[in-house]
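K.L.:
need a 3D model of the following:
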Amino acid sequence: MVGERRDVRKSKEAIKNAFIQLIINQDIRKITVKDILTLADVSRGTFYAHFLDIYDVQEQVENDLMDHCIQVIGENSIDNIIDDPYPQVLRCIQFLVEHAETIRSLSQGNQNGAFITKYKVILKEGLFRSSHSITNNVTLSVVDACIVGAVVEGGLEKIIRGIPLNAEETARIISRFISRGIKGMIE
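P.N.:
Residues are numbered from 1 along each chain as shown. Reported below is the predicted structural model:
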């Protein structure tokens with residue numbers, strides 16, 4: 001498979017970066033293709049060669065974020081996460097903190113629920129496909145739901161609401177929950 005040409009890659013990245021800069025400062029409904037073209041310094045033809053509209057750019061930015069987060073989580077098996085969840089959870093929470101402004105901006109308004117739902121589904125699929133020794137699909141589904149729920153509720157929701165987040169402390173709490181369950185939370 002031949003990779004994407006460098007100039008195409010650079011144009012797409014310039015458009016996505018311009019979109020991110022704009023969405024941080026204004027509602028997506030107020031962003032125009034012209035705004036992106038000016039900031040990205042690309043032509044209208046270049047924009048439409050890669051994207052259908054502003055919402056297509058948004059979806060691709062979201063997908064890029066999700067793919068990167070799945071890579072972080074997918075570096076280890078579920079078994080490793082259960083045995084020693086802290087390193088993986090910390091990397092995931094640090095990722096969320098690092099991209100907090102973009103995540104918060106992508107989650108504004110009516111898109112909030114859709115973004116969180118999409119994030120949960122993608123994380124769950126990533127964990128479900130990772131290597132593990134769990135043979136019972138119901139057990140695997142519950143384990144996935146607990147891990148994903150803890151990361152989403154413990155990290156993503158706080159970031160979206162603008163609540164300050166200490167990555168290490170949050171990862172420690174989530175890790176304790178993953179490894180010891182509810183009983184470990186009240187010890």
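
K.L.:
state the helix or strand in which the residue positioned nearest the centre of the chain lies.
P.N.:
In the chain, the centroid-proximal residue (C-alpha atoms, centre = their mean) is residue 66; its distance is 3.9 Å. Element membership for residue 66 (DSSP states H and E) is helix 54-74.

K.L.:
try residue 97
P.N.:
helix 86-98.

K.L.:
pLDDT on stretch 117-126, on average?
P.N.:
Mean pLDDT, stretch 117-126: 77.

K.L.:
what sits up against it?
P.N.:
For stretch 117-126, contacts defined as C-beta atoms under 8 Å, 6 or more residues apart in numbering pick out 62, 66, 69-70, 73-74, 144-145, 147-149, 151-152, 156. For every residue, glycine as well, the C-beta is placed using N, CA and C.

K.L.:
ranking the residues you listed by neighbours, who comes first?
P.N.:
residue 151 (27 neighbours; other C-beta atoms under 10 Å).

K.L.:
domains of this protein?
P.N.:
Following automatic domain parsing, one gets these domains for the chain: 1-51, 54-185.

K.L.:
where among the ones you listed is the average confidence lowest?
P.N.:
Looking at these, the bottom one is domain 54-185 with a mean of 79.
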